[in-house]
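1. Dropping a prediction and its sequence here:
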Amino acid sequence: MKVSKAQAQANREHVVQTASTVFRERGYDGVGVVDLMAAAGFTHGGFYKQFDSKAELMAESAACGIAQTVAQAAGVTVSDFARFYLSREHRDARGEGCSMAALGGDAARQSDAVRATFANGIESLLAALNLEGTVLEHASANEARAKSLDLFARAVGAIVMSRACPDDSPLADEILVACRNEALASLTPAVKPSAPVRKR
């Protein structure tokens, strides 16, 4: 039976979404085309009718995963995003979590197309972060960008380090708590001391 163009596109999108989850769980080298297509409910024979290469699927699935993180950042303050990002919930949700933390190390060894997808994703996330209510709210554009990059890089590193520890390791939680507290402290506006009351 011939598949309609609309169904073919839907099938492709399903493969991309499935691959996005599986790659985050197992890494780019931890899963092959056969397993990816099986996870999506298709035979591997149809892969090359949909994609030119595994690298093409890697780039598209990375964009899909990064878009999910950007959507989570949109509409919330950077403080709330940091609380979520540096949480045990996010740490344990490898397949649904941030692609930067799950695949950043893998991406560094991939094609320019894959790395460009990650670079574009970083830019999208920076644009989505809401700095309202933080010390960055009134900073210059350059200063806010630099501090946002620093914060995000630390957050990604914290998730990577925490996941590198056994799940039941106290260190896995300690890393998250320490980095979350430091991140939130760096975003909190300093409270100005009140002026002393003059005695009459």
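-> Nice, I can see it.
2. Could you report the neighbour count for the closest residue to residue 75 other than its chain neighbours?
-> With Cβ to Cβ, 6 or more residues apart in numbering as the criterion, residue 75 has its nearest non-adjacent residue at 7.0 Å, and that residue is residue 130. Yep, even glycine has a C-beta here, placed from its N, CA and C like the rest. By other Cβ atoms under 10 Å, the residues close to residue 130 number 16.
3. phi, psi of residue 130?
-> phi -100, psi 110 (degrees, to the nearest 10).
4. That one contacts residue 77, correct?
-> Yes. With contact defined as Cβ atoms under 8 Å, residue 130 and residue 77 form a contacting pair (5.1 Å).
5. Residues in contact with the helix or strand of the chain with the lowest mean pLDDT: which ones?
-> For the chain, using mean pLDDT, DSSP states H and E, the weakest element among its helices and strands is helix 47-50, scoring a mean of 84. In this structure, residues lying in contact with helix 47-50 by Cβ atoms under 8 Å, 6 or more residues apart in numbering are 8, 11, 12, 15, 33, 36, 37.
6. Distance-wise, check the second one relative to residue 173.
-> Pointing back at residue 11 there. 41 Å (Cβ to Cβ, to the nearest Å).
7. Please apply the same query to the fourth one.
-> Between residue 15 and residue 173 the computed distance is 35 Å (Cβ to Cβ).
8. between those two, which one's more packed in?
-> The neighbour count for residue 15 versus residue 173, taken as other Cβ under 10 Å, is higher for residue 15 (23 against 15).
9. Could you find the closest non-adjacent residue to that one?
-> Nearest to residue 15 is residue 40, by Cβ to Cβ, 6+ apart, at 4.6 Å.
10. Against residue 31, how distant is the one you found?
-> 12 Å.
11. swap in residue 86?
-> As judged by Cβ to Cβ, residue 86 and residue 31 stand 27 Å apart.
12. Look at these two and report which has more neighbours.
-> Between residue 86 and residue 31, counting by other Cβ under 10 Å, residue 86 is the more crowded of the two (24 against 17).
13. can you tell me the helix or strand for the closest residue to that one other than its chain neighbours?
-> The shortest distance from residue 86 to any non-neighbouring residue, by Cβ to Cβ, 6+ apart, is to residue 180 (3.8 Å). Here residue 180 is covered by helix 170-187, with elements defined by DSSP states H and E.
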